[in-house]
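Q: the following comprises the amino acid sequence and a computationally predicted model.
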Amino acid sequence: MTRVTIMDLKTALTLHPIPGLTYRTAARWIAQGLVVAEGGGLQGNELSIGEKQLHELRTLTALRQVLSLQALKKAAATLRAMGFNPFSTGQFAVVEGGELVRVVSENEAIALIRQPGQICAVVRLGN
């Protein structure tokens, strides 16, 4: 697994380019906690950025093309509440109406963006 520090984030994005993602956006997502890096924090402490974080950045960049940042933050909060590490693994789909789902198995998906007071829906796929 490739490990770089936050100071090397530009290098990481140069070596592993993510179309549509700028350094500033990646750094902001990390600072906001949308992508969780290992380590202390941005103020002088080193953060480890590895393959998992790069995968999260790729996934978020793709989803950001069709969803708002607020919707992605909601989805991340829902995934964390369910015990998942948001966007580091799994497959995601945006369905009609702008609903984001995480595919759990070939027969099941979880709706991630919900309105206040709604429960998280488990959607059965196929027959």
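A: The structure has been received and is ready for your questions. Numbers count the residues shown, from 1 in each chain.
Q: and A12, that's in a helix?
A: Yes - A12 forms part of a helix when assessed by DSSP: H, G, I helix; E, B strand; the rest coil.
Q: for it, give its distance to T25.
A: Distance, A12 to T25, using CB to CB, to the nearest Å: 14 Å. Heads up, the C-betas are built off the backbone N, CA and C, glycines and all.
Q: which one's more surrounded, those two?
A: A count of neighbours by other CB atoms under 10 Å puts A12 above the other of A12 and T25, at 22 against 17.
Q: so the more buried one makes contact with E51?
A: No - A12 sits out of contact with E51 when judged by CB atoms under 8 Å, with a separation of 10.1 Å.
Q: contacts only, for the residue most central in space within the chain.
A: In the chain, the residue lying closest to the centroid (CA atoms, centre = their mean) is F87, at 3.6 Å. Shown in contact with F87 (CB atoms under 8 Å, 6 or more residues apart in numbering): 35, 55-56, 59-60, 63, 76, 79.
Q: good, we can wrap up now.
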